[in-house]
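# compute the structure for the input listed below.
(2 chains)
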2 protein chains.
Amino acid sequence: MDVAAVARCVRKSCYVSPSFGDSDLLRRFLRSSLSERSTNSDPTSGRKCLKLRGKIHRRLSFIRPITATDKSISSPSSDCAGETQQINGKKKNIVWHDCPVTKSDRQELIKQKGCVIWITGLSGSGKSSLACALSRALHNRGNLSYILDGDNVRYGLNSDLSFGAEDRAENIRRVGEVAKLFADAGIICIASLISPYRRERTACRALLPQGDFIEVFMDVPLHVCEARDPKGLYKRARAGKIKGFTGVDDPYEPPLDCEIVIQNNRDKGVSSSSSSLTEMAEIVVSYLDKNGYLKTP
Amino acid sequence: MDVAAVARCVRKSCYVSPSFGDSDLLRRFLRSSLSERSTNSDPTSGRKCLKLRGKIHRRLSFIRPITATDKSISSPSSDCAGETQQINGKKKNIVWHDCPVTKSDRQELIKQKGCVIWITGLSGSGKSSLACALSRALHNRGNLSYILDGDNVRYGLNSDLSFGAEDRAENIRRVGEVAKLFADAGIICIASLISPYRRERTACRALLPQGDFIEVFMDVPLHVCEARDPKGLYKRARAGKIKGFTGVDDPYEPPLDCEIVIQNNRDKGVSSSSSSLTEMAEIVVSYLDKNGYLKTP
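The predicted structure follows:
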């Protein structure tokens, strides 16, 4: 699909996947992406190269600039009907099918606004605990939420993925895409993943309409997470039994401009303190409330 | 994870992914699967081989018998905490994280039961039209539903997949896994895909608790679908411009025991008749109502 075809397909409530598959633009983008990632090899500074060896075409689907261009994501592009679409650089015989029930209709029905709460942080920083506390707090207010837990999703949708750099990126891409669908359904989707690289979080953010991707950074120092080590993973990583573990021999890039930062330095971990967990959840609930995502209690 | 470990992890509201990755059992299963698929080459009888060339490991994640063993899918397996899990034949350092808000809680909140309506049939049989009419009918009753359209999902989550046999299977597997998550969220998820092979539909069915996978077969003869050809795809397939097109040079296996069969032989297609579409949607709504999935209007 050329630029003109993309333009034809764009409608105000439509999102498209421009095909930069074989273009010079993509190659330049990819090269600059790789060189930028390679500028620093400090595992905690978040600048180390995420290697793109092997099947680069798999990565392309992740780094391509898909953008939600309006409020509704599941939307029409009537001019495309009958055309062969080119997505991710491949010709595909698919046609976008519009539906008369919109995101707006669904939000009206359940009296809340769909969005994605993206909780990022080191292993052991309390992401899953916050996700659960938040889900409980929202439920108590009568709001429908759903958790996409990084680990849990690997039992199902992403059970075919390893922990290699490429598959970790694909893991995040898929969770981002599924979270987008949940938000489009009108649900407050809580995604809880280490998601160590800024570029990957930014790509997931770009899938959502402006404001609907709410990034929550669990700002807990590495030594605190390691002291907690609730799953015994740091111990295994330090012993060399796990390779490429975030914070140990793979970098974590803290957000530079996320919506919410939650700090917790207690060695015992958030899960041992229900009061602090409730407080943390309340920070997020207040943000949602203030920004019009929640129905009146 | 060995069988004993699987058994330890199974709790009444838990689902597990047994690791048959490298076992003899899997190899036997795969062999018998392949030979069964090869028994008939009639493109309309639904028995032709779905070739498994190339990356067989990708397919394994699809054909392995993951089973939902109880009402709630997103559920705990507390004995697994801290263990290294083996999923799909690979060791993974992941730990299932339980959440206090259950499927039952969510269903109580929105006063309906989550499930998957899986609409299968040839291209042009009216799957997407039924999905939209059904979504509208449910919305009018105050029920929250969400459509996973086979084509639409290929613009996002599955934009990395081709139309080769392996990728088509992966496309269906992923939609099945996402539909399971939506049902677990309490939503009536309407999946609309050609999904030509029984084995793949059966695998998606197995992800859901008993009764929650409702298969709807759009029973429209090939010649009728081809006469409609709303997307011009049959024409392109007959001209040899699309290879492996279901019904032309790739088989469709009609369901043998699905929950609902909808017949429509009108040449003009269901989309041209809003009254017949409404009637079809009503058949599904009645089924859902009768089986306790809908809240009282």
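# list the beta-bridge partners for residue A:213.
residue A:116 (DSSP bridges).
# let me see the contact set for it.
Residue A:213 makes contacts with A:115-116, A:118, A:204-205, A:207, as judged by Cβ atoms under 8 Å, 6 or more residues apart in numbering or on different chains. Backbone N, C-alpha and C define where each C-beta goes, glycine included.
# and it, how far from residue A:201?
9 Å (Cβ to Cβ, to the nearest Å).
# shared neighbours, these two?
With Cβ under 8 Å, 6+ apart, residue A:213 and residue A:201 have common neighbours residue A:118.
# between the contacts of residue A:213, which is closest to residue A:159?
Residue A:159 lies nearest to residue A:204 out of the contacts of residue A:213, by Cβ to Cβ, at 20.3 Å.
# element containing that closest one?
Using DSSP states H and E, residue A:204 sits within helix A:198-207.
# buried stuff in that helix?
A:198, A:200-201, A:203-205, A:207 (16 or more other Cβ atoms under 10 Å in any protein chain shown).
# go back to these and keep what's next to chain B.
Among the buried residues of helix A:198-207, the ones lying near chain B by Cβ under 8 Å from any Cβ of the partner chain are residue A:207.
# okay, now the domains of chain A?
Here the domain assignment for chain A is A:3-92, A:103-290, based on automatic domain parsing.
# what about the longest one, start to end distance?
To tie it back to what came earlier, the one meant is domain A:103-290. Separation of the first and last residues of domain A:103-290 by Cα to Cα, to the nearest Å is 21 Å.
# before we move on, the earlier item: comparing the domains of chain A by mean pLDDT, which bottoms out?
Note on those: lowest mean pLDDT is at domain A:3-92, with a mean of 34.
# check which helices and strands the helix holding residue A:204 sits against.
If contacts are counted by 3 or more Cβ pairs under 8 Å, 6 or more residues apart in numbering or on different chains; DSSP states H and E, helix A:198-207 sits against helix A:56-63, strand A:67-68, strand A:115-120, helix A:165-184, strand A:213-219.
# ok, 7 Å please
strand A:115-120, helix A:165-184, strand A:213-219 (3 or more Cβ pairs under 7 Å, 6 or more residues apart in numbering or on different chains; DSSP states H and E).
# most neighbours per residue, which of those?
Most buried of these, by mean neighbour count (mean count of other Cβ atoms under 10 Å in any protein chain shown): strand A:115-120, with a mean of 27.
# can you pull the buried residues of the helix or strand just after that one?
With elements assigned by DSSP H and E, the helix or strand that comes after strand A:115-120 is helix A:127-140. By neighbour count on 16+ other Cβ under 10 Å, the buried set for helix A:127-140 is A:127-139.
# pairing partners for the helix or strand following helix A:127-140, with directions?
The helix or strand immediately downstream of helix A:127-140 is strand A:145-149, counting by DSSP H and E. The strands beside strand A:145-149 in its sheet (DSSP bridges) come out as strand A:188-192 (parallel).
# which residues touch the partner strand?
With contacts defined as Cβ atoms under 7 Å, 6 or more residues apart in numbering or on different chains, strand A:188-192 is touched by A:112, A:114-119, A:127-128, A:131, A:134-135, A:138, A:143-150, A:175, A:179, A:182-183, A:293.
# again, only using 6 Å
By Cβ atoms under 6 Å, 6 or more residues apart in numbering or on different chains, the residues outside strand A:188-192 that reach it are A:115-119, A:127-128, A:131, A:134, A:145-150, A:175, A:179, A:182-183.
# CA atoms only: put it into CSV for me.
Listed next in CSV are the C-alpha coordinates belonging to strand A:188-192 (Å, rounded to 0.1, in the frame of the first residue of the first chain):
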residue,chain,number,x,y,z
ILE,A,188,-10.0,-0.5,32.3
CYS,A,189,-7.2,-2.9,31.3
ILE,A,190,-4.3,-3.2,33.8
ALA,A,191,-1.2,-4.5,32.1
SER,A,192,1.5,-5.6,34.5
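# if I look at residue A:101, how far off is residue A:107?
Separation of residue A:101 from residue A:107 (Cβ to Cβ): 11 Å.
# which one of the two has more residues nearby?
residue A:101 (22 against 19; other Cβ atoms under 10 Å in any protein chain shown).
# just to revisit the earlier point, of the buried residues of helix A:198-207, closest to residue A:241?
residue A:200 (25.3 Å).
# near chain B, which residues of the stretch 101-250 of chain A?
A:101, A:109-110, A:128, A:132, A:135-136, A:139, A:144, A:146-147, A:149, A:151-152, A:154-157, A:159-160, A:177-178, A:185, A:231-233, A:242 (Cβ under 6 Å from any Cβ of the partner chain).
# from these, list just the buried residues.
A:101, A:109-110, A:128, A:132, A:135-136, A:139, A:144, A:146-147, A:149, A:151-152, A:154-157, A:159-160, A:177-178, A:185, A:231, A:233, A:242.
# for residue B:222, see how far away residue A:205 is.
For residue A:205 relative to residue B:222 (Cβ to Cβ), the value is 44 Å.
# sorry, that was for residue A:229
In this view, residue A:229 and residue B:222 are 59 Å apart by Cβ to Cβ.
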